[in-house]
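**Q** structure for this input, please:
(chains A and B, ligands or ions: 2)
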Amino acid sequence: MSQADHTATLALPGLAAAAPAASARRVRVFGPRALLALSWLAPVLLVAVWEVLAQTGYVTPQVLPAPSKVVRTAWRLATTGSLLNDLGTSLLRAAVGFVLGGSIAFVLGILVGFSRLAEALIDRSVQMVRAIPFLALLPLVIVWFGVGEGQKIFLVALGVAFPIYINTTLGIRQVDGKLLELGRVQGLSTAQMITRIILPGALPSILTGVRYSLATAWLALVVAETIGAQAGIGFLAMDAREFLRTDVVVLTIVIYALIGVVADSIARLLERRLLAWHPNFGGATR
Amino acid sequence: MSAAVQDAPAAVRVFGLRRAYGPRVVIDRLDLTIRRGEFVALLGESGCGKTTLLRALAGLDPIDGGRIEAPKRPAVVFQEPRLLPWDSLWRNVALGLPAEGAREKAAAALAEVGLGGRLDDWPRNLSGGQAQRVALARALVQQPELLLLDEPFAALDALTRIRMHVLVKDLVARHRPGVLLVTHDVAEAIALADRILVMRGGAIAAEHRPSAPGLPAATRATLLAELGVIDDLKSA
Ligand SMILES: Nc1ncnc2c1ncn2[C@@H]1O[C@H](COP(=O)(O)OP(=O)(O)OP(=O)(O)O)[C@@H](O)[C@H]1O
Ligand SMILES: [Mg+2]
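**A** Ligands and ions are numbered 1, 2, ... in the order given. The predicted structure follows:
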């Protein structure tokens, strides 16, 4: 920490008005590396405390099992049980729902983004349906699809559809009109206008939609799987709940969290790759 | 203007053009001919309709009367470079070219504007003057019969602007399109144009040939008077 920082932060309150730039600065006791280490140390410490409390019996296993127990359960289920199978089932549901809901929403979003007619026909209805919290449709969805795969995939698709639809239409509308004019001047065909100008211009917004939709897809899957599933991570959790196996329940929660994190990093990676030109995403120059 | 240019085919002809925004008539009975290889500068007070005329010639806006005989695709350079931020420089220059040989043509055009080494660079790594040079390359690579420039150098600093003048003059001499340059800069018009038009009241009100006998200084004074900057019309 530099001397200048030090004197700045020690400025008296009465002097702050005379040096607004200095007063706005924060106290820097730790460097960025130390802060990064600290940000990781804190959760590790939390888990350690949890482990100690569970081992010493302050927290009973029925309430919260020790982290080490969860890890052992994970290993056992993965090697001898159905964990990988359940994981695969859940991922497949998420993927199918995501692709179905995502592609329908993308096509609708493109239609509405391009055509005033399509907008008049489609947009208001979609916006009205969107006003319903999609989980409120759960009872109706069960009536329609029962509690089989259809219900789960439908819920995921529904959850995915809205963020992608909205961000696709938004992205297309926000394409710079001056660039569209340029396209006309350069004599681009309609197809070229779409591929060279409109879609690249809408891509940042579309990818934002994809990231949001990954989160809702996950939420939808968790809810859908807790109802009448015969396999999957949610089924594992419900099954374990009946036998008070909190170690398995915690394991499923951790798995949901991990997959959420992985999905988000994939989306970020996509953004960095596809938006390399964009100052907010790419960063590196070619 | 040389005899060769006088006999050259017209790059654009305008007869009795009329353009109105609602009740406000901006262009009224305007006639104009620009020949291939001829460099025409258009001056006029702010808001007199220069951009409106240029956009009509470019086919970007509808017209309310009269007739325009222009090539199917005039090239346009706007005040801003309007580069596609998601495309590399050569793809920007090649926008609208047939895919066959596009990269080679774009490379040649970029080399002409002094950016031959930056084919794969991003637009955001360019300075304002470099970006405008790419826009110029993109216009010229189309080999247009008519080149429309709407204050393309207005946003550049004085030194860069002078470099751009030299470049444009050189490029136009080589490619020989008909050029219409809209500008606010009287010195720029005198330096570049074969013919200077002054627009007022929705039509062409005056015409000058800076290369004709007579001092540029006289032309300059006349132009400034016609533009309402100095109110002494007899000084010329
Ligand atoms: N889209 C529009 N709707 C209504 N009026 C317009 C529109 N565009 C331009 N005008 C009006 O038409 C007139 C001419 O505008 P234009 O942009 O052609 O002027 P200009 O000569 O290019 O001015 P400048 O030198 O400031 O660029 C102005 O009075 C302007 O207010
Ligand atoms: Mg203008």
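**Q** going forward, measure contacts and count neighbours with C-alpha atoms only.
**A** Will do.
**Q** for the spatially most central residue of chain A, pull up the helix or strand it's in.
**A** Chain A has residue A:215 as the residue nearest its centroid, 3.3 Å off, counting by C-alpha atoms, centre = their mean. If you go by DSSP states H and E, residue A:215 is part of helix A:199-225.
**Q** tell me the secondary structure for residue B:15?
**A** strand (DSSP: H, G, I helix; E, B strand; the rest coil).
**Q** pretty sure it is touching residue B:65, no?
**A** No: checked against C-alpha atoms under 8 Å, the pair residue B:15 and residue B:65 is beyond contact range at 9.1 Å.
**Q** who's in contact with the nearest residue to the residue nearest to the centre of chain A once chain neighbours are set aside?
**A** With sequence-adjacent residues excluded and distances taken as C-alpha to C-alpha, 6 or more residues apart in numbering or on different chains, residue A:215 is closest to residue A:260, at 7.0 Å. Contacts of residue A:260 were listed using C-alpha atoms under 8 Å, 6 or more residues apart in numbering or on different chains, and they are A:214-215, A:218.
**Q** and the helix holding residue A:215, what's buried?
**A** Residues of helix A:199-225 classed as buried by neighbour count (16 or more other C-alpha atoms under 10 Å in any protein chain shown): A:199-222, A:224-225.
**Q** now do stretch B:138-155
**A** Residues of stretch B:138-155 classed as buried by neighbour count (16+ other C-alpha under 10 Å): B:138-142, B:144-153.
**Q** need the next SSE after the host helix or strand of residue A:165, C-terminal direction.
**A** Using DSSP H and E, residue A:165 falls within helix A:149-173. Using DSSP H and E, the helix or strand that follows helix A:149-173 in sequence is helix A:177-185.
**Q** which outside residues touch that following helix?
**A** A:193, A:197-198, B:58, B:60, B:73-76, B:82-84, B:95-96.
**Q** ok, then the element right after it?
**A** Next along from helix A:177-185, by DSSP H and E: helix A:190-192.
**Q** run the chain-centre distance for that next one.
**A** 33 Å (C-alpha atoms, centre = their mean, to the nearest Å).
**Q** what's the closest non-adjacent residue to residue B:103?
**A** Counting by C-alpha to C-alpha, 6+ apart, residue B:90 is the residue found nearest to residue B:103 once chain neighbours are left out, at 6.5 Å.
**Q** quick check: residues of chain B near ligand 1?
**A** Within chain B, the positions adjacent to ligand 1 are B:21, B:26, B:46-52 by C-alpha under 6 Å from any ligand atom.
**Q** any chance of these in JSON lines, plus neighbour count?
**A** Listed next are those as JSON lines, based on neighbours: other C-alpha atoms under 10 Å in any protein chain shown:
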{"residue": "B:21", "neighbour count": "9"}
{"residue": "B:26", "neighbour count": "20"}
{"residue": "B:46", "neighbour count": "10"}
{"residue": "B:47", "neighbour count": "10"}
{"residue": "B:48", "neighbour count": "17"}
{"residue": "B:49", "neighbour count": "20"}
{"residue": "B:50", "neighbour count": "25"}
{"residue": "B:51", "neighbour count": "18"}
{"residue": "B:52", "neighbour count": "19"}
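**Q** can you pick out the most distant pair from these?
**A** For these, with distances taken as C-alpha to C-alpha, the pair at the greatest spread is B:21 and B:46 (16.4 Å).
**Q** returning to that earlier point: what helix or strand does the residue nearest to residue A:215 sit in?
**A** Residue A:260 belongs to helix A:246-274, assigned by DSSP H and E.
**Q** pLDDT on that helix, on average?
**A** The average pLDDT within helix A:246-274 is 88.
**Q** buried residues, that helix. List them.
**A** Buried residues in helix A:246-274 (16+ other C-alpha under 10 Å): A:246-252, A:256, A:260, A:263-264, A:267-268, A:271-272, A:274.
**Q** do stretch B:65-81 as well
**A** B:68, B:70-71, B:73-81.
**Q** again with stretch B:105-118
**A** Within stretch B:105-118, the residues that count as buried by 16+ other C-alpha under 10 Å are B:105-113, B:115, B:118.
**Q** how about stretch B:49-62?
**A** Here stretch B:49-62 shows B:49-59 as buried, counting by 16+ other C-alpha under 10 Å.
**Q** just give me the closest of those residues to residue B:201.
**A** Distance to residue B:201 across those (C-alpha to C-alpha) is lowest for residue B:49, with 8.8 Å.
**Q** check the gap between that closest one and residue B:94 for me.
**A** Residue B:49 is 31 Å from residue B:94, where distance means C-alpha to C-alpha, to the nearest Å.
**Q** format the buried residues of stretch B:49-62 as JSON lines; extra columns: pLDDT and distance to chain A.
**A** Listed next are the buried residues of stretch B:49-62 as JSON lines, based on pLDDT from 0 to 100; distance: C-alpha to the nearest C-alpha, whole Å:
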{"residue": "B:49", "pLDDT": "92", "distance to chain A": "19"}
{"residue": "B:50", "pLDDT": "94", "distance to chain A": "18"}
{"residue": "B:51", "pLDDT": "93", "distance to chain A": "14"}
{"residue": "B:52", "pLDDT": "94", "distance to chain A": "14"}
{"residue": "B:53", "pLDDT": "94", "distance to chain A": "15"}
{"residue": "B:54", "pLDDT": "95", "distance to chain A": "12"}
{"residue": "B:55", "pLDDT": "94", "distance to chain A": "10"}
{"residue": "B:56", "pLDDT": "94", "distance to chain A": "12"}
{"residue": "B:57", "pLDDT": "94", "distance to chain A": "11"}
{"residue": "B:58", "pLDDT": "93", "distance to chain A": "7"}
{"residue": "B:59", "pLDDT": "91", "distance to chain A": "8"}
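**Q** for residue B:205, grab phi and psi.
**A** Here is the backbone geometry of residue B:205 (degrees, to the nearest 10): phi -100, psi -20.
**Q** isn't residue A:248 right next to residue A:240, touching?
**A** Yes: here residue A:248 lies in contact with residue A:240, judged by C-alpha under 8 Å, at a distance of 6.0 Å.
**Q** tell me the SS of residue B:97?
**A** Secondary structure, three-state DSSP: residue B:97 is coil.
**Q** residue 168: what's it in contact with?
**A** Using chain A. A:106, A:109-110, A:113, A:202, A:205-206, A:209.
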